[in-house]
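Visitor: Could you look at this predicted model? Sequence included:
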Amino acid sequence: MIYFDNSATTQAAPAVVETYAKVSQKVWGNPSSLHNFGENAFHLLEQSRHQIADLIGAKTSEIFFTSGGTEGDNWVVKGTAIEKRSFGKHLITTAVEHPAIHNSMAQLADLGFDITYLPVDQEGRINPADLKAAIRPDTILVSVMAVNNEIGTIQPLLDVAEILKPYPKIHFHVDAVQGIGKGIQNLIMNDRVDFVTFSGHKFHAPRGVGFIYARQGRKLAPLMTGGGQEDNWRSGTENVPAIAGMAKALRLLLTDETAKVARERAIKQRVYDHIKDLPKVTIFSQPTAGFAPHILCFTINGVRGETIVHAFEDQGIYISTTSACSSKKHLASSTLMAMQVPEAIATSAIRISLDENNTLAEADEFNRVFDNLYQKFSKINADA
Amino acid sequence: MQYTEIMVRYGELSTKGKNRRNFIDSLGRNVRKALHDFPTLKVHADRDRMHISLHDEDAQGVMDRLQLVFGIQNFSPSIRVAQDMDEVYATAIAMVQAQFKPGMTFKVNTRRSDHHFEYDTNEINDMLGGQILDHVAGIQVKMQHPDIVIRVEVRMNGIFLSSETINGAGGLPVGTAGKGMLMLSGGIDSPVAGYLGMKRGVDMEMVHFFSPPYTSEQALAKAKQLASTLASYSGSVKFIQIPFTEIQEEIKEKVPEGYLMTVQRRLMMRLMDAITRERHGKAIFNGESLGQVASQTMDSMIAINDVTALPVLRPVISMDKTEIIKVAEKIDTYNLSIMPFEDCCTIFAPPAPKTHPKLDRSRSYEERIDVAGLMQRAMDGIKISEIKPGENYMNAQEDVFAELL
């Protein structure tokens, strides 16, 4: 079995599962309880928070646990809207964000907020000049993803930061769900960024856990109100086993990050080199530094993405159409549509996404299977 | 720089005569204790200076510890070379180059205790100064307030060079002033009072009253953690815990509400008196600051102090809360102190304690309880432990957790 769908989700690491199990069995007190048992869970929670903060270069007080990337994105977008609505009702994002951002923005638009969607170029990247032109006196949030989940484009976050420096009142949010552990921490945790979203299951932690970074001094209205956990920012009994597992997973992820990134890049390059000259192949992700090392998106022209996914599946290789979130709806890739790729091609796109455990041998196996499928589809669909 | 020795200058030797030896011996003992886990270094406490030969130990690690030891005015990491001017030149030039930035000035300051060495201090100053001027482009000599001072000490066993002077903690070596007992509650003020007392040379023992189940295990752990932080200044401290529950319950039952606090405090003070005498202490220390709470008025002090003839010393008596907090932050006790656990001073606290209790009434209300019996049982329940710097009481699970994470 070859698993090339790590941008959809990753397998929880055995060491992480072990932590999850041990904590569930031994440190299962409620961290808010006064007795020793609760106190113990509280300490583990805080030690996890401390470790995570250290790993991403933040302060312990700047880490807030969530249920994952979707909650984090919803929280920053809506929390900013609520917190800062008296200052303005204009939010800026990009045309290629994850639905967690887009649909949050759409809800706010229904409530009378004004949203600007920055366009992208043929590589799926925004032009910082467009952002500069879009900023208004009533702008309260700029939200830009670090790495596009469908084709792997790295957005120019340092340019965005530079543009936002004269606007200290605007919240700057980065969705780093696909960006963590990909060698771009200096872009994500830049001097100007205020909020960053992370999701555990994208880096071998359990499902249903994530965290946000919130710069000290910045405020966000809570979406989850209740018992006042997380310093009143996010109520709900903390998921201590998953949080501890995530702290461990993050540590493992960021150990030898450079070597892991290089390995992913090499695998991506090998597939890229193999398919790049084929006449019926269109590639959207480049092997250059402007793209994440782990995502490669392309089409076999004229063959529907889901057909290819199932054909690979028959050979024990798991890939996906551009994003797991949109695939069951049979929608064309929203990123490719935003890049002005014709709909017929956009519906054909497939994505392979790697992690640090994949190997060059798997790339060779993928290439071998790919050749067979390519020939077969070329015969069936001669004019494609 | 690979340092070979750290030269320590003593703090105020206000105590002269025979006490000087006592001061130096105590400081030597405290320094050895603070550096106990650097096995190869040697501490020589001489009459004027203390010399710590590093052998292969980590100079920075040693200096971090030294900075906390009371009785040290300042110290300089030094390099020993042979009695050979060429070696002196090479080492001094390297030292200057490590610090030099364009525009800086320097001077050489030589002391010579080995008078058989062929050059005298002025000659050494001249020769070495010339070498530095020749080898470090752009540097200038300045006698008043130079940026870099190269200190040269010619001793029998070599020539010692240093260029840095690092301030120590000042004060007197812990132990030179005798033993005292600190009432350590867990709040912000008492650890600061303890620190200030230790700075004046007091060998401080930490006394903590606890009242389970009204106060939690965490409150006790917090007091121990504070004691561990204070232990950094002396190497280790004794922690004495006194059970106080029965006394508080009895007082609550028998004493009118307005005098609850006063009588409680009188009982605490009686116990402090008893334990101090038993352990040959000479004074009671606490964190009272005038006017801060009901028990800290002069009238309250009259009513409470009534039960002991020992000196009750209050190092923070005239400090503002903000000044106390500043010290607490400096000595790293503040964040611990503000952790929210009930302590025995807050439980059973009446809504309106008397800020000006009358001495005679305090005495007569106290007679309603069985002072002798309660004290006896409290004294029987005392537990004493040794607490060292760096010990972890708040989160004993940290290592276990570290494996999980």
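Guide: Good, I have the coordinates.
Visitor: Can you show me the CA trace of stretch A:231-240 as CSV?
Guide: Taking Å, rounded to 0.1, in the frame of the first residue of the first chain, the C-alpha atoms of stretch A:231-240 are listed here in CSV:
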residue,chain,number,x,y,z
ASP,A,231,-8.3,31.7,29.9
ASN,A,232,-12.0,32.3,28.9
TRP,A,233,-11.0,32.3,25.2
ARG,A,234,-12.3,28.8,24.4
SER,A,235,-14.6,27.0,26.8
GLY,A,236,-15.0,23.3,26.8
THR,A,237,-13.2,20.6,28.8
GLU,A,238,-9.8,20.3,27.3
ASN,A,239,-9.0,17.1,25.3
VAL,A,240,-5.9,16.4,27.3
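Visitor: wait, does it contact chain B?
Guide: No. Using C-beta under 8 Å from any C-beta of the partner chain, stretch A:231-240 stays clear of chain B, with a minimum separation of 10.5 Å. Yep, even glycine has a C-beta here, placed from its N, CA and C like the rest.
Visitor: now that stretch: mean pLDDT?
Guide: Taken as a whole, stretch A:231-240 has a mean pLDDT of 95.
Visitor: where along the stretch 201-350 of chain A do the strands fall?
Guide: Taking DSSP state E, counting those that start in this stretch to define them, one finds strands in the stretch 201-350 of chain A at A:210-214, A:281-283, A:295-300, A:317-318, A:320-321, A:349-353.
Visitor: Turn the ones you listed into JSON lines, columns for mean pLDDT, distance to chain B and mean neighbour count.
Guide: Formatted as JSON lines, those follow (pLDDT from 0 to 100; distance: least, C-beta to the nearest C-beta, whole Å; neighbours: other C-beta atoms under 10 Å in any protein chain shown):
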{"stretch": "strand A:210-214", "mean pLDDT": "98", "distance to chain B": "14", "mean neighbour count": "26"}
{"stretch": "strand A:281-283", "mean pLDDT": "94", "distance to chain B": "40", "mean neighbour count": "16"}
{"stretch": "strand A:295-300", "mean pLDDT": "95", "distance to chain B": "29", "mean neighbour count": "26"}
{"stretch": "strand A:317-318", "mean pLDDT": "96", "distance to chain B": "30", "mean neighbour count": "18"}
{"stretch": "strand A:320-321", "mean pLDDT": "91", "distance to chain B": "32", "mean neighbour count": "25"}
{"stretch": "strand A:349-353", "mean pLDDT": "95", "distance to chain B": "27", "mean neighbour count": "27"}
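Visitor: So for residue A:194, which of those sits nearest?
Guide: strand A:210-214 (7.1 Å; C-beta to C-beta).
Visitor: what's the burial count for residue 59?
Guide: Just so you know, I chose chain A. The burial count assigned to residue A:59 is 12, neighbours taken as other C-beta atoms under 10 Å in any protein chain shown.
Visitor: that's the other chain; I wanted chain B
Guide: Other residues near residue B:59 number 18, with proximity taken as other C-beta under 10 Å.
Visitor: Between the strands of the stretch 201-350 of chain A, which one is closest to residue B:45.
Guide: Taking C-beta to C-beta, strand A:210-214 is the member of the strands of the stretch 201-350 of chain A nearest to residue B:45, at 51.0 Å.
Visitor: circling back: CSV for the strands of the stretch 201-350 of chain A, including distance to residue B:10?
Guide: Below are the strands of the stretch 201-350 of chain A laid out as CSV (distance: least, C-beta to C-beta, whole Å):
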stretch, distance to residue B:10
strand A:210-214, 49
strand A:281-283, 75
strand A:295-300, 66
strand A:317-318, 73
strand A:320-321, 73
strand A:349-353, 67
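Visitor: How about the residues of chain B by chain A?
Guide: B:216-218, B:394-395, B:397-398, B:401-402, B:404-405.
Visitor: Helices of the stretch 51-200 of chain A, start to end?
Guide: With DSSP state H, counting those that start in this stretch as the criterion, the stretch 51-200 of chain A has helices at A:69-83, A:99-110, A:128-134, A:157-164, A:185-188.
Visitor: Dump the ones you listed into a markdown table; add mean neighbour count as well.
Guide: Shown next, in a markdown table, are the helices of the stretch 51-200 of chain A (neighbours: other C-beta atoms under 10 Å in any protein chain shown):
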| stretch | mean neighbour count |
| --- | --- |
| helix A:69-83 | 23 |
| helix A:99-110 | 18 |
| helix A:128-134 | 15 |
| helix A:157-164 | 19 |
| helix A:185-188 | 18 |
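Visitor: which one of those helices lies closest to chain B?
Guide: Shortest distance between chain B and the helices of the stretch 51-200 of chain A, using C-beta to the nearest C-beta, is found for helix A:185-188: 19.4 Å.
Visitor: Pull the distance from the closest one to the chain's centre.
Guide: Relative to the centre of its chain, helix A:185-188 is centred 14 Å away, using C-alpha atoms, centre = their mean, to the nearest Å.
Visitor: Quick one: mean pLDDT over the longest strand belonging to chain B.
Guide: What stands out as the longest strand in chain B, according to DSSP state E, is strand B:72-81. For strand B:72-81, mean pLDDT is 93.
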